[in-house]
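A.B. asks: Make a model of this:
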Amino acid sequence: MKTSSSQSVLFATAEVSLPSQPKRAKSPVSNGVVGMLIFMVTETMFFAALISAYLVIRAGLEEWPPWGQPRLPVETTAFNTVVLLASGLLMGYSRALLQKNNIQKGRRWLGISILLGAFFLISQGYEWLQLIKFGLTVSSSVYGGLFYLIIGAHGFHVVGTLAALIYAWNRLGADENPVTPEGLFPFQLLWYFVVCVWPILYVLVYLT
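C.D. replies: Coordinates of the predicted model:
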């Protein structure tokens, strides 16, 4: 009798279903976004250091820009600044379309944003060639060295971010291994950073 009772208890216990483990809540922010935000913080500190060095060195010189150095093309670069800002706005519009799952139209506006960014980069590169032609080089003066260091650092970020965006644009909505709007978002954040930093550099280097 004891054996039968023990078996009944075991069978009853086996039939009891254990409560399911609570599912872990999905993080509202992806790891890619968190990683990009951390990277952007470090880059903000990097540009802050460059700007601080620029201001300290400029304050220690009596004449700025120094005599004999070509003046920067303020008007042309102002137009390029507007182009870059427009690229940032269109990037945001593209993001809104992609969030609504309108992949085709969002991809189109993303491409236009990338083209405007490429125009900015090419135009700035042409400006550099002209400045070098007129004698403003890295070794011509402290003024030239700081100009190419600060503006070149920004240009390096533009090149890298555009390369990532072009790759994402090409894979967005693809049949195999597509880039999703969520996967694209960290690179869009970096582009917003690149766009927002530039007006500060333009006012600091070109206008003051």
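A.B. asks: How about residues contacting stretch 126-141?
C.D. replies: With contact meaning C-beta atoms under 8 Å, 6 or more residues apart in numbering, stretch 126-141 is reached by 66, 68-70, 72-73, 76-77, 80, 143-145, 147-149. Every C-beta, even on glycine, is put in place using the N, C-alpha and C of the backbone.
A.B. asks: so of those, which ones are in helices?
C.D. replies: Members of the contacts of stretch 126-141 lying in helices (criterion: DSSP state H): Thr76, Thr77, Asn80, Tyr143, Gly144, Gly145, Phe147, Tyr148, Leu149.
A.B. asks: Got a ChimeraX select line for the buried ones in the residues you listed?
C.D. replies: To isolate the buried ones among the ones in helices among the contacts of stretch 126-141 in ChimeraX, judged by 16 or more other C-beta atoms under 10 Å, type:
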select :77,80,143,144,147,148
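A.B. asks: With distance to Leu90 and pLDDT as added columns, please give the ones in helices among the contacts of stretch 126-141 in CSV.
C.D. replies: Shown next, in CSV, are these (distance: C-beta to C-beta, whole Å; pLDDT from 0 to 100):
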residue, distance to Leu90, pLDDT
Thr76, 21, 94
Thr77, 20, 95
Asn80, 16, 96
Tyr143, 34, 91
Gly144, 34, 92
Gly145, 34, 93
Phe147, 29, 94
Tyr148, 29, 94
Leu149, 30, 95
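A.B. asks: Nearest to Val158 among the ones in helices among the contacts of stretch 126-141?
C.D. replies: For those, the residue nearest Val158 by C-beta to C-beta is Asn80; the value is 11.1 Å.
A.B. asks: just checking, Phe120 touches Leu85?
C.D. replies: No: with contact defined as C-beta atoms under 8 Å, Phe120 does not count as touching Leu85 (9.6 Å).
A.B. asks: so which of the ones in helices among the contacts of stretch 126-141 comes closest to Glu176?
C.D. replies: For the ones in helices among the contacts of stretch 126-141, the nearest to Glu176 is Asn80 (37.3 Å; C-beta to C-beta).
A.B. asks: Touching, the closest one and Ser123? I think so.
C.D. replies: Yes: using C-beta under 8 Å as the test, Asn80 is close enough to Ser123 to be in contact (5.0 Å).
A.B. asks: Now do the shared contacts for the two.
C.D. replies: Counting by C-beta under 8 Å, 6+ apart, nothing touches both Asn80 and Ser123.
A.B. asks: which other residues reach stretch 178-192?
C.D. replies: Under C-beta under 8 Å, 6+ apart, the answer for stretch 178-192 is 30, 32-33, 35-37, 39-40, 87-88, 91-92, 94-95, 98-99, 103, 106, 110, 113, 117, 157, 161, 164-165, 167-168, 171-172.
A.B. asks: buried subset of the residues you listed?
C.D. replies: 33, 36, 40, 87-88, 91, 94-95, 98, 103, 106, 110, 113, 117, 157, 161, 164-165, 168, 172.
A.B. asks: With that, I have no additional questions.
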